[in-house]
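Colleague: sharing a sequence plus its predicted fold:
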Amino acid sequence: MGKVIQEQFIEFHNIIRLDVNDNKEVIKKRDMLIEEIKTAIKKICEEKGIKLVRFTPFNQGSYAMGTGNKPMYDEDDYDIDCGLLFEIDKGDYRPLQIKTWVYDALNTQFRTVEWKKACIRVQYVEEGLPKFHVDFACYADANSDGKTYLAKGTPTSTTDNKKWEESKPTKLKDLINNKYSDVDESNQFKRAIRFMKRWKDYQFDSVNGKPTGIALTALAYNGFVPSIKDSFTRAIDINDLKATKDFVDYILNQFSWWDSRIKVHLPVPPENDLFEKMTDQQCKNLKTKLEKLRDTLEDAENEADPFEACKILRKQFGKDFPVPAKETTGQNRKLAVAGTSESA
């Protein structure tokens, strides 16, 4: 049974995974926007008679870490995160000053451009529906203390919330991408993150009380344990079902017995609690849903027929989780090697 189930997990991953680098249209839009920002800032500096302010763009967020998913529904869009490392000292510029330059550069009558606390967002729409948005986060990266700071706040934010906040955006990407040196372990690690992100999108009807993708990623960074070898023979036996189940067990163990809350801190500055915005009741609801997921994974693991096991898994992960044809599965299949060369 193991080989058949593993094949369905791999197919599921191939269905839900988002690889922006394969989307030439998205790359073209991102690069076009970056050039517009460069041109606008050059003009501002020339008009003010000041030294040219340069920046280096870099990819950040889930697609840079190889953990991005496609939207579950056609009416949903996905985000592309782009960081701009400005060669400035935060002591010389107000945080909203730099963000304003970026906002003004992108804000034309043909676009929807929004202020967000941590970025400037450009929303793209197709046939009346949001298709994708590009988030530009602005950083001061030439500071006297050697640190990097993120420009936070919007024009309507309180004074305390208009600030430079210490950040290490490139380090977070490196931590995730370099978590495992073994290719099979690294691939399974990122697949498990994608599985859990699709699970939360399927199980939660709204953003209220839904764990964020970065929270699940941080939990995986702290506690995911690969399952790629047979525990007795040590032969290669890639088992996404077991790895995901063990990961869910780990998450459940992070809930406090005292108040049923869960905490996980971003592994880089500002090291904030990624569950702090969830209420006590939302944390309890999350725990209940995770317990149901754990039980379902155990039921699937104990089910002799792969056809029935996949039907069980589909209830938690949604219709994109494939169910093999009944006549091709049989029962009591022996666990088999199920390696894969796909990338995360």
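Modeller: Thanks, I have it. Residues are numbered from 1 along each chain as shown.

Colleague: how about the strands in this structure?
Modeller: Secondary structure of the chain by DSSP state E: the strands cover 55-60, 78-86, 112-115, 120-126, 129-140, 148-152, 163-167.

Colleague: could you list the domains of the protein?
Modeller: 2-16+179-329, 20-172 (automatic domain parsing).

Colleague: now these in CSV, with mean neighbour count and mean pLDDT?
Modeller: No exception for glycine: its C-beta is placed from N, CA and C like everyone else's. What follows is the domains of the chain, written out as CSV (neighbours: other Cβ atoms under 10 Å; pLDDT from 0 to 100):
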stretch, mean neighbour count, mean pLDDT
domain 2-16+179-329, 17, 95
domain 20-172, 17, 92
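
Colleague: closest to the centroid, which residue in this structure?
Modeller: Ser62 (3.6 Å; Cα atoms, centre = their mean).

Colleague: got the contact list for the residue lying closest to it once chain neighbours are set aside?
Modeller: Distances taken as Cβ to Cβ, 6 or more residues apart in numbering place Gly68 nearest to Ser62, at 3.9 Å, with adjacent residues excluded. Gly68 is in contact with Arg17, Leu18, Asp19, Val20, Gly61, Ser62, Tyr78, Arg194, counting by Cβ atoms under 8 Å, 6 or more residues apart in numbering.

Colleague: tell me which of those residues fall in helices.
Modeller: Ser62, Arg194 (DSSP state H).

Colleague: from the contacts of Gly68, pick the one nearest Leu293.
Modeller: Set against Leu293, the nearest of those by Cβ to Cβ is Arg194 (14.8 Å).

Colleague: for Pro155, give me the backbone phi and psi.
Modeller: phi -60, psi -30 (degrees, to the nearest 10).

Colleague: pretty sure it sits against Arg94.
Modeller: No. With contact defined as Cβ atoms under 8 Å, Pro155 and Arg94 do not form a contacting pair (11.7 Å).

Colleague: now render the strands of the chain as JSON lines, adding distance to Arg261.
Modeller: Below are those laid out as JSON lines (distance: least, Cβ to Cβ, whole Å):
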{"stretch": "strand 55-60", "distance to Arg261": "28"}
{"stretch": "strand 78-86", "distance to Arg261": "27"}
{"stretch": "strand 112-115", "distance to Arg261": "31"}
{"stretch": "strand 120-126", "distance to Arg261": "30"}
{"stretch": "strand 129-140", "distance to Arg261": "28"}
{"stretch": "strand 148-152", "distance to Arg261": "25"}
{"stretch": "strand 163-167", "distance to Arg261": "24"}
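
Colleague: nearest to Ser256 among those strands would be which one?
Modeller: Smallest distance to Ser256 across the strands of the chain (Cβ to Cβ): 27.0 Å, for strand 163-167.

Colleague: what's next to that closest one, contact-wise?
Modeller: 90, 95, 139-140, 147-153, 268-270.

Colleague: switch the cut-off to 10 Å
Modeller: Residues from elsewhere that reach strand 163-167 (Cβ atoms under 10 Å, 6 or more residues apart in numbering): 83, 90-91, 93-96, 98, 117-118, 137-141, 143, 145, 147-153, 157, 266, 268-272.

Colleague: ramachandran coordinates for Tyr93?
Modeller: According to degrees, to the nearest 10, Tyr93 has phi -140, psi 140.

Colleague: measure the closest residue to it other than its chain neighbours to Lys163 for me?
Modeller: Spatial nearest neighbour of Tyr93, chain neighbours left out: Ala140 (6.9 Å); criterion: Cβ to Cβ, 6+ apart. When distance is defined by Cβ to Cβ, to the nearest Å, Ala140 is 11 Å away from Lys163.

Colleague: what do those two both touch?
Modeller: In contact with both Ala140 and Lys163: Lys90, Pro95, Tyr149, Leu150, Ala151, using Cβ under 10 Å, 6+ apart.

Colleague: can you tell me which of these is nearest Gly223?
Modeller: Leu150 (26.5 Å).

Colleague: for Pro95, see how far away the residue lying closest to that closest one once chain neighbours are set aside is.
Modeller: Spatial nearest neighbour of Leu150, chain neighbours left out: Ser167 (4.2 Å); criterion: Cβ to Cβ, 6+ apart. Ser167 sits 12 Å away from Pro95, taking Cβ to Cβ as the criterion.

Colleague: mind listing the shared neighbours of these two?
Modeller: With Cβ under 10 Å, 6+ apart as the test, Ser167 and Pro95 both reach Ala140, Tyr149, Leu150, Ala151, Lys152.

Colleague: now distance to Glu46 too, for these, in JSON lines please.
Modeller: Formatted as JSON lines, the shared contacts of Ser167 and Pro95 follow (distance: Cβ to Cβ, whole Å):
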{"residue": "Ala140", "distance to Glu46": "21"}
{"residue": "Tyr149", "distance to Glu46": "26"}
{"residue": "Leu150", "distance to Glu46": "27"}
{"residue": "Ala151", "distance to Glu46": "22"}
{"residue": "Lys152", "distance to Glu46": "28"}
